[in-house]
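J.: Need a 3D model of the sequence below.
(2 chains)
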Amino acid sequence: MIRALSIRLGLGLGLALAAMTLGCGAEGSAPRCEIAVQFDPLDAVAPRTIVARSTVTNTSGVLAYGWSVRRGGLEVPTTPRTTDGRDVEFAADQPGVYEVQLDVDGDPLGCPTWTGDKNVRDASTTGGALRLRFSPPREASVPVQERVVDVPGGADFATGVLAIDPGIDAPIAVHDLAGAAVPAYVRLTSRATPDATVEIVTSAGGGERVALASGRYDALIIPLIDGLAPAQIDGWAPVDGAFTIDAGATVAGRVLDAGGAPLAGARVSITAGDQPPSSVAITAAAGTFALAWRPGAGAALIVVPPAATGLPRLTAPLAGLATSQPLTVRYQPGHPTVDLGDLPVGIAGAPVADGHVLIALELGDVATVGDGTTTAPARGHHRDQVATDGAGRLAPYRATVGSGRAFAVGPTGAAAVALIDLAAPPAAIDAPGPAALTGTVTDRGGAPLAGVALTATVDGDLAHLGAPRASAISGADGRFALAVAGGATYQIELRDPRAVVAPRLITAAGAAGDLGAIALPPAIRVRGTLRLVGQSVGLPDVGVSARCEACAGLERSRPLGTGVTDVAGDFAVVIPDPGAPP
Amino acid sequence: MTAGIFARSAALATVATALGGCLYLDPINERPSAEIRRVGDGLIFRGDALTFQAVVDDPDRDRLALDWRGQACDRPASDPARRCSAVETGTDPQFGFTVPLAIDGAPTVALLVTLDVTDSHGAVAKPRQALELAVGNHAPAVAIQRHGRELMGQFPVGVPITIAARGDDPDGDPVALTWTLFPAATSVPGDVGWTRLPDPAGGGQEYQLVPDVAGDWLVRVDGADGLATARGELALQVRPDHAPCLTAVEPSVADGAVVIATAPRRFAVVVVADDLDLYPAPPPGDPYLGAATLRWSQRPAGAPGFTAIGGGGAIDLDPATLAPGERVELRVEVADRTGRWPAQSPGCTVDQPSCAIEAPTTCVQRRTWLVEAR
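T.: Sure thing, here's the model as predicted:
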């Protein structure tokens, strides 16, 4: 444009402008050929004729247009809509991703090849929202981020290019009211994508920094020193600076045993659901404790006595109690303890040597919590992991009398569940042998699926870090057999390594017997390209997981499908078709 | 013969003058002159569009007829065996001639351009103008590339590397490729896989190399277009299987830092980068790729050793299984098919929250979370 101006203007001014052009030329080269393609309709539903219109700018001469359209690796014919082939149309008979490529020849300097995807929906499906979580390599210093995409369902789906925030290097500091740096755990939850949290621990020396995506955060701050109350600070942004926390309110009290004697060494705290917990106190010799807390609704007092006492863990809702008054926690009489140390533990008669037992007992109301005016019941339970020695005998252990289950785990992973009732102290814990949990994996059409990997994880009150998993692979007839602990509840994940069908998670309560046919849902492939904002190249080695948007709790953090970006930043994850009937 | 007519007219005029009478005679026609000039300069290569300009003069200002002839030849004029292309002709003052790429399959090495000029009286410029020009040859170029399980510029032993080479020649000559493999010093020839693959659709050739030992390998490809040669070399660093890297885990916190669990939460390996053994596992079917193996373990804070708690990509931890304020160290380690676990590495003590069994130290095979229940 500047060149054209210089021709129109007088020579002197033209020379001046020519000099300006040279100067500008030093900053950037002449514009190169650019291709843009638009599709009509924007939201296409199969079957439909799609029109692709190209626009080529910064070029000259007579151009030749070469189109290629593919779906599922197969060529889709195109029909020119203009004599020069600049615009074409193609028949999208099936829903899915149509990969379009346009080569333009004739530009003196050459035009880059344009590639893009056109999603064509299935009219018979509704689809659903999906969270795509991007976990960059730690060395990249890019924060974990999520994007919610609406996947139509019924066919593969292309997200196109997704750009994530490279993040800013933000200082994180926690101060007390005197301005001193406080060692604290800080969890920053993005307001835009609440599942993408950033966690960091500050020190007394300060100076911690973390990469944060732009936006505001809700911060959970848990001091790692006594005397300060955990806090929730909503809507924080790095520009707001350091967090300041104080001691909050003090909740004091004491813990007494069934005889009214002080119980020393018990761990006491308050949990409050989504609200910040209290500090943690250990009762003194007089059974006393003092917690720093910010009162909130839905709170419960947790008391965990020393293991040697045999007393159960307590959970006491604080609703109706005046936490400003000293609280008295008192174990009620009538709940004796029993010594189970040295008790033989076996599975089908074989000693569980060098293994462990998880003892789960629900005891009902075994204690009270009072504020001097009001008294509320406190439920007790045991969920204690106790080791066995080389002879298969329990380590020293006491428990409150009650009934429940013992989950015996051998060192090789063999596991079994025994019902126990401590009202009559048992001579041994002998669990029946592992049970077989069988079934047949099929697709939605009932055809058996071979090679599907099954992983069974203990769920419910027997779940713990030491609980062994059971695994199996379906045979040619789709049959599988998992060696599980009868009586336990398992979550079973079924995953086809070929990704022909989508993974499925089922719960098998009281696992044993035959589950019958388990149909895996049809799969679709969600693919895209990941970049950092401001970059035109892909971001490699980023973990991509597709997660349920409508789920809660741990389900929300379980991936439906996983993948990794390649060197070009491209990714693909296989997920259950959100458009398929449940 | 024309010259003879001119001589006779001159003699008659001389006689007529001597006799004292008047005799009218046509003026004597003179022969035109001509010269060929090439428009432009520089070396000439096949495919070049050349322009020649006729520089002519006729003392009588007669109308001149030009007759251009151009030919391309596969040998110099001195070689009696040379073959030349069909004649291209022209009659304009400028003669355009595009240098053919080849004559009967042989590359063009010379051009012969001639120009005959005749005036309207039939007088021909002499000597005949002829221009013999040498045609240069562009040397070919050899492009050589590699494709395989490359990690940090290195390839694992025993895994195929596809090497593709293509010869390009600006003159359009076919380029014959000659491949030479220089194995690592300790390689045993019989153990090396070196197989020619079907030629790729895009041109060139491909070989598959399966190196038998670690070391520095070299693939050399010589290209020849019949007149010149070019060489491409590709150095390949073949190294023992890399240790896998725990590239991304969740939660992503500093090693050894406290992670507070206020509700059941998941600790997961998201990405393992490796030359052969990956996580998430690759789809089955590739004979060389496999899945990384993950092991989880835990120990109560302050306990001497870790207890194994299984495998898989993730572990769920419910803080309700711990006492408030109780801490547990949750550890994940990774190994590939070589089975080199951090716990067996002298450089990895049990108390190190993360460690690498080999360089680079940024590629760690262990991560540890210090989880506190609240």
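
J.: Next, the residue in the stretch 151-300 of chain B positioned nearest to chain A: phi, psi?
T.: Going by C-beta to the nearest C-beta, chain A is nearest to residue B:270 of the stretch 151-300 of chain B, at 3.3 Å. In this view, the C-beta of every residue, glycine as well, is placed from N, C-alpha and C. In terms of degrees, to the nearest 10, the main-chain angles of residue B:270 are phi -100, psi -40.

J.: And the pLDDT for it?
T.: If you check residue B:270, the pLDDT there is 95.

J.: With residue A:167 instead?
T.: So residue A:167 comes in at 92 (pLDDT).

J.: correct me, but it touches residue A:198?
T.: No: counting by C-beta atoms under 8 Å, residue A:167 stays clear of residue A:198, with 9.1 Å between them.

J.: tell me how far stretch A:284-302 is from the chain's mean position?
T.: Centroid separation for stretch A:284-302 versus its chain: 30 Å, with C-alpha atoms, centre = their mean, to the nearest Å.

J.: go on, stretch B:363-374?
T.: On C-alpha atoms, centre = their mean, the centre of stretch B:363-374 falls 46 Å from that of its chain.

J.: What residues does residue B:188 make contact with?
T.: Residue B:188 makes contact with B:212-213, according to C-beta atoms under 8 Å, 6 or more residues apart in numbering or on different chains.

J.: Next, work out how far apart it and residue B:211 are.
T.: Distance from residue B:188 to residue B:211, counting by C-beta to C-beta, to the nearest Å: 11 Å.

J.: The residue of the stretch 1-150 of chain B found nearest chain A and residue B:288, how far apart?
T.: Residue of the stretch 1-150 of chain B nearest chain A, by C-beta to the nearest C-beta: residue B:150 (9.9 Å). Distance, residue B:150 to residue B:288, by C-beta to C-beta: 13 Å.

J.: What is the burial count for residue 251?
T.: I went with chain A, as the question did not name one. 27 (other C-beta atoms under 10 Å in any protein chain shown).

J.: I was thinking of chain B, sorry if that wasn't clear
T.: With other C-beta under 10 Å as criterion, residue B:251 counts 19.

J.: Surely it touches residue B:269?
T.: No: judged on C-beta under 8 Å, residue B:251 makes no contact with residue B:269 at a distance of 11.7 Å.

J.: what does the domain assignment say about chain B?
T.: B:1-30, B:31-134, B:141-239, B:245-373 (automatic domain parsing).

J.: my bad, should have said chain A
T.: Domain assignment for chain A by automatic domain parsing gives A:1-30, A:34-115, A:128-166+A:540-576, A:249-431, A:435-521.

J.: Save those as CSV, and put in distance to residue A:225 too.
T.: Listed next are the domains of chain A as CSV, based on distance: least, C-beta to C-beta, whole Å:
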stretch, distance to residue A:225
domain A:1-30, 55
domain A:34-115, 54
domain A:128-166+A:540-576, 27
domain A:249-431, 9
domain A:435-521, 27
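
J.: okay but residue B:63 is in contact with residue B:119, surely?
T.: Yes: taking C-beta under 8 Å as the definition, residue B:63 is a contact partner of residue B:119 at 7.0 Å.

J.: Those two: which is more packed in?
T.: residue B:119 (22 against 11).

J.: picking that back up, against residue A:579, how distant is the residue of the stretch 1-150 of chain B closest to chain A?
T.: Counting by C-beta to C-beta, the gap from residue B:150 to residue A:579 is 39 Å.

J.: Who has more neighbours out of these two?
T.: residue A:579 (20 against 16).

J.: Tell me the secondary structure at that one.
T.: Following DSSP: H, G, I helix; E, B strand; the rest coil, we place residue A:579 in the coil state.

J.: Ignoring the adjacent residues along the chain, who's closest to it?
T.: Ranked by C-beta to C-beta, 6 or more residues apart in numbering or on different chains and with sequence neighbours excluded, the top spatial neighbour of residue A:579 is residue A:153, at 2.2 Å.

J.: So that neighbour versus residue A:76, what's the distance?
T.: 21 Å.

J.: what about these two, which has more around it?
T.: residue A:153 (23 against 19).

J.: What pLDDT does the model give that one?
T.: Residue A:153 is assigned a predicted lDDT (pLDDT) of 89.
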